[in-house]
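> Here is the input, now give the coordinates:
(chains A and B)
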Amino acid sequence: MGSVLPNKDTSSVPENGATEAKSWVPTQDFAAGIALLALGGFALYQGASLPAGSLNAVGPGLLPRGLAFGIVFMGVLIILLDFTRPGEQLGFVNLRPPIFIFAALMAFALTIKPLGLLGAVPITVGLAGFASAETQWREIVVLAAVLTVACIAVFGYLLTLSIPVGPSGSAAAFAALWK
Amino acid sequence: MTELLDHLVFGLAVAVSPTNVFLCLAGCFLGTLIGVLPGIGSIATISMLLPLTYSLDPVGSLIMLAGIYYGAQYGGSTASILVNVPGEATAIITAIDGHQMARQGRAGAALGISAIGSFIAGTIATVFIAALAIPLTRVALEFGPADYFSLLLLGVLASALLNRGAVSKSIAMILLGMLLATVGMDLETAAPRLTLGYPQLMEQIPFAVLAMGAFGLAELGRSLETPENRDVISKQIGGLLPSLSELRQSVAPILRGTALGGLLGVLPGNGALLGPVASYGVEKHLAKEPQRFGRGAIEGVAGPESANNAAAQTSFIPLLTLGVPANAVMALMLGAMTMNGIVAGPQVIERSPEFFWGMIASMWIGNLMLLVINLPMIGIWVKLLKVPFRILMPSIVVFCAIGAYSMRNEPFDVALAGFFAIGGYVLIKLGFEPTPLLLGFVIGDMMEEKFRQALIMSRGSLAIFVEQPISAGLLAVTLALLSVLLLPRVRRKRDEVIVE
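Okay, the predicted model is just below:
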């Protein structure tokens, strides 16, 4: 059953041995610890102005600060543990899928109010299409068209979610045509 | 006993209202639809479908979610039998013999026995839950704020520690989840906390957005990394009804699997995963010819699948009676309850009996639905499995965007889901498990509230947590668990069991 699981194999990681020391690849745990330090530090900085209060009257800042310190502590601990017993190197990170999924969602967030589903769905589909290396563009165009019509029909009219269907003002303009 | 029956009948009456039956059906269908996609597990499925339930009433919403859960589980088994790409850990065991059966042209029988086994397991587990519910809640009603705090601490630590991944990283994720839960207006002083100046964050980070981003979309991003390599069974599926001898072979494994899964499912953490593993081991051990296992033994499908489903059911017990989620799926359920204004805990059974018993009865109905709708529809799922992922993926992204938007008609939430998707992806790559993060997020609020209440009762003295006998006992168990897990020998053993 182990073979079905994605094994933690270090073999796929390029061997950056001591002989070729030009690019240093951090271990996964080292990077993880740094990430925790950054997150905890950011929370401490953001929550610095919140009063912690006392145990008698707990203030709004006590828990966020306590947790942020905890996160920083775990970060330090993970880095120290990694020094004593270095773990596997940071695996290959292919940022293409998450970046384009992120871009697609951002585009939807920015366009849904001004353009409605009519504009937002094709843009989102197009950007999400970039996320996969195997995308074929003819398929994406067809998919965008089909999804746009389907989403407008299902979400705009059938389920009547209060989601804008077309560009803002277009419904009024459309209605004005028939006056 | 008659009391138990009364409750179940009462619950059934709630669950069989036309709306609720429809919601259960829709949930099972949609859950299977997404869950059957290779590489997308039930946690990702539920988190992506969560916004759908937002506008429903509490009973309906939880019934639909439970339906989605069972559907996703069943879809996962279908995918692992037909494609050998298990959507999640619990389906890995099914893939071993199930896929072999499919290659021998017996996919129908494998799918059939998995549905039948799941149904039997689900039926037994439902009665088990109903029977345990009242005594357990009675105990929990004695709990004061300090006791509750300690219980939550034990619950969240236990489920994180018994999960995959390094202990230190799991604890860090719990803390991060709790930190994310503090974002928004402070409950008592109304001061904005860590909102970065965004008014949209005043009412907390929407739970569904976090789950959708960090679980659903991050998972989607990860599954796109590797080129697609699907080996969909092209052979005929074969008859769905297992033959009489196959049925006879399966009866004992189904019952044993139900018992194992049902008991292990109550445990926090990976209880639901241990069930199928244990069941497979037991069946192989008891078999007259153990060498048949791995080559398409029907017992290797019947037992683990029943264990899987029984565990999926009984893992509701800690949530419904104590308000403590045992695993990530239950954390999602708890989040949905909170979204609907139901305060989880032992008081639910008294305050909203129609919710409680309706939910339990709908579990059984959900299992029945799976049997009735999914077996005839198997052809559709096979066709769906042949649709390339590059076409499904943009569609899923669009549906997620619409879902995130429509909860509050707030474009900000869509962007937030995007941020969590990237964050979740990076965390996965750094070797963090998203599950403890979600548990921390869901439990964080409750823990803070109980912590403050306890301190108010004790006038600021932390001693209350060790002076109250229940709380002290729970803290002792927590400490014992922590120290035992830090022993190198136990840790190695734990890794073996969990990684397997």
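> rest of the way, CA atoms for contacts and neighbours
Will do.
> pull the longest helix from chain B.
Ranked by residue count, the top helix of chain B under DSSP state H comes out as helix B:107-141.
> burial measure for residue 151, as a count.
Chain wasn't specified; assuming chain A. By other C-alpha atoms under 10 Å in any protein chain shown, 19 other residues sit near A:Cys151.
> ah, I was thinking of chain B
As a burial measure, B:Leu151 scores 25 neighbours (other C-alpha under 10 Å).
> for B:Val139, same thing?
By the measure other C-alpha under 10 Å, the count of residues near B:Val139 is 12.
> cool, the one 3 residues further on as well?
Number of residues near B:Glu142 (other C-alpha under 10 Å) recorded here: 11.
> tell me the strands in the chain, going along the chain?
Defaulting to chain A. Along chain A, no segments are classed as strands by DSSP state E.
> wait, chain B
Under DSSP E, chain B gives strands at B:184-185, B:192-193.
> which residues are contacting the first one?
The contact list for strand B:184-185 (C-alpha atoms under 8 Å, 6 or more residues apart in numbering or on different chains) reads B:Ala191, B:Pro192, B:Arg193, B:Leu194, B:Thr195, B:Leu201, B:Met202, B:Glu203, B:Gln204, B:Ile205.
> Need phi/psi at the residue in chain B that chain A sits nearest to.
Residue of chain B nearest chain A, by C-alpha to the nearest C-alpha: B:Gly460 (3.9 Å). When read as degrees, to the nearest 10, the backbone of B:Gly460 gives phi 90, psi 10.
> burial measure for the closest residue to B:Ala158 other than its chain neighbours, as a count.
Of all residues not flanking B:Ala158 in the chain, B:Pro268 sits nearest, at 6.1 Å (C-alpha to C-alpha, 6 or more residues apart in numbering or on different chains). By the criterion of other C-alpha under 10 Å, B:Pro268 has 25 neighbours.
> Same question for A:Gly166.
19.
> Okay, it and B:Leu179: tell me how far apart.
Distance, A:Gly166 to B:Leu179, by C-alpha to C-alpha, to the nearest Å: 39 Å.
> related to what we said a few turns ago, wait, which of the strands of chain B is closest to B:Glu433?
strand B:184-185 (24.5 Å; C-alpha to C-alpha).
> Off-centre distance for the closest one?
Relative to the centre of its chain, strand B:184-185 is centred 28 Å away, using C-alpha atoms, centre = their mean, to the nearest Å.
> most centrally placed residue in chain A?
Central residue of chain A (C-alpha atoms, centre = their mean): A:Phe102, 5.7 Å from the mean position.
> Just the local confidence number for it, please.
A:Phe102 carries a pLDDT score of 93 in this model.
> Need the phi and psi values for the residue in chain A that chain B sits nearest to.
Nearest residue of chain A to chain B: A:Asn56, at 3.9 Å (C-alpha to the nearest C-alpha). Phi and psi for A:Asn56, reported as degrees, to the nearest 10, are phi -70, psi -40.
> List the contacts of it.
Applying C-alpha under 8 Å, 6+ apart to A:Asn56 gives the contacts B:Leu455, B:Ile456, B:Arg459, B:Gly460, B:Ser461.
> Quick check: closest non-adjacent residue to the third one.
The spatially closest residue to B:Arg459, leaving aside those adjacent along the chain, is A:Asn56, at 5.6 Å (C-alpha to C-alpha, 6+ apart).
> where does the one you found sit relative to B:Leu455, distance-wise?
7 Å.
> ok, now A:Thr27?
On the measure of C-alpha to C-alpha, A:Thr27 and B:Leu455 end up 42 Å apart.
> try A:Gly126
In terms of C-alpha to C-alpha, A:Gly126 sits 54 Å off from B:Leu455.
> Between those two, point out the one with more neighbours.
The residue with more neighbours, out of A:Gly126 and B:Leu455, is B:Leu455; 22 against 19, by other C-alpha under 10 Å.
> Quick check: chain neighbours aside, which residue is closest to the more buried one?
With C-alpha to C-alpha, 6+ apart as the criterion, B:Leu455 has its nearest non-adjacent residue at 6.2 Å, and that residue is B:Ser461.
> list the contacts for the one you found?
A:Leu55, A:Asn56, B:Leu455.
> Wait, the residue nearest to B:Ala158 touches B:Leu161, no?
No - using C-alpha atoms under 8 Å as the test, B:Pro268 is too far from B:Leu161 to be in contact (9.2 Å).
> residue ranges with poor pLDDT in the chain?
Reading this off chain A. Applying pLDDT under 70 to chain A flags residues A:1-24, A:92-93, A:159-161, A:169-179.
> wrong one, I was asking about chain B
Scanning chain B with the threshold set as pLDDT under 70 gives B:1, B:39, B:85-90, B:160, B:162-165, B:226-240, B:269-272, B:488-500.
> The residue sitting nearest the centre point of it: what's it in contact with?
Against the mean C-alpha coordinate of chain B, by C-alpha atoms, centre = their mean, the closest residue is B:Val329 at 2.5 Å. For B:Val329, the contacting residues are B:Ser42, B:Ile43, B:Ile46, by C-alpha under 8 Å, 6+ apart.
> Repeat the analysis, applying 6 Å as the threshold.
By C-alpha atoms under 6 Å, 6 or more residues apart in numbering or on different chains, B:Val329 lies in contact with B:Ile43.
> Now do it against B:Lys450, distance only.
23 Å.
> what does A:Phe102 give?
Counting by C-alpha to C-alpha - A:Phe102 and B:Lys450 are separated by 37 Å.
> Pull the number of nearby residues for A:Gly66.
For A:Gly66, using other C-alpha under 10 Å, the count is 16.
> same question, B:Ala331
For B:Ala331, using other C-alpha under 10 Å, the count is 25.
> got it, and B:Ile68?
31.
> do B:Leu25 as well
If we define neighbours as other C-alpha under 10 Å, then B:Leu25 has 23 of them.
> and if you look at the one 3 residues further on?
By the other C-alpha under 10 Å criterion, the neighbourhood of B:Cys28 contains 30 residues.
> surely it meets B:Ala66?
No - using C-alpha atoms under 6 Å, B:Cys28 makes no contact with B:Ala66, being 8.1 Å away.
> Excluding covalently adjacent residues, which one is nearest to B:Gln73?
Once flanking residues are discounted, B:Gln73 sits nearest to B:Ser42: 6.0 Å by C-alpha to C-alpha, 6+ apart.
> ditto for B:Val156
The shortest distance from B:Val156 to any non-neighbouring residue, by C-alpha to C-alpha, 6+ apart, is to B:Leu439 (6.6 Å).
> Could you report the distance from the residue nearest to B:Arg459 to B:Ser458?
According to C-alpha to C-alpha, A:Asn56 stands 9 Å off from B:Ser458.
> what's the answer for B:Ile298, then?
According to C-alpha to C-alpha, B:Ile298 and B:Ser458 sit 59 Å apart.
> And B:Gly177, by the same measure?
According to C-alpha to C-alpha, B:Gly177 stands 27 Å off from B:Ser458.
> Can you give me the neighbour number for B:Ala463?
12.
> what's near enough to touch it?
B:Ala463 neighbours (C-alpha under 6 Å, 6+ apart): none.
> any idea how far it lies from B:Ala472?
For B:Ala463 relative to B:Ala472 (C-alpha to C-alpha), the value is 10 Å.
> same check, this time on A:Leu105
From A:Leu105 to B:Ala472 the distance is 47 Å (C-alpha to C-alpha).
> Give me the more crowded residue out of the two.
Between A:Leu105 and B:Ala472, counted using other C-alpha under 10 Å, the more crowded position is A:Leu105 (33 against 18).
> quick one, what contacts the more buried one?
B:Val414, B:Ala415, B:Gly418.
> and chain A, which of these contact it?
B:Val414, B:Ala415, B:Gly418 (C-alpha under 6 Å from any C-alpha of the partner chain).
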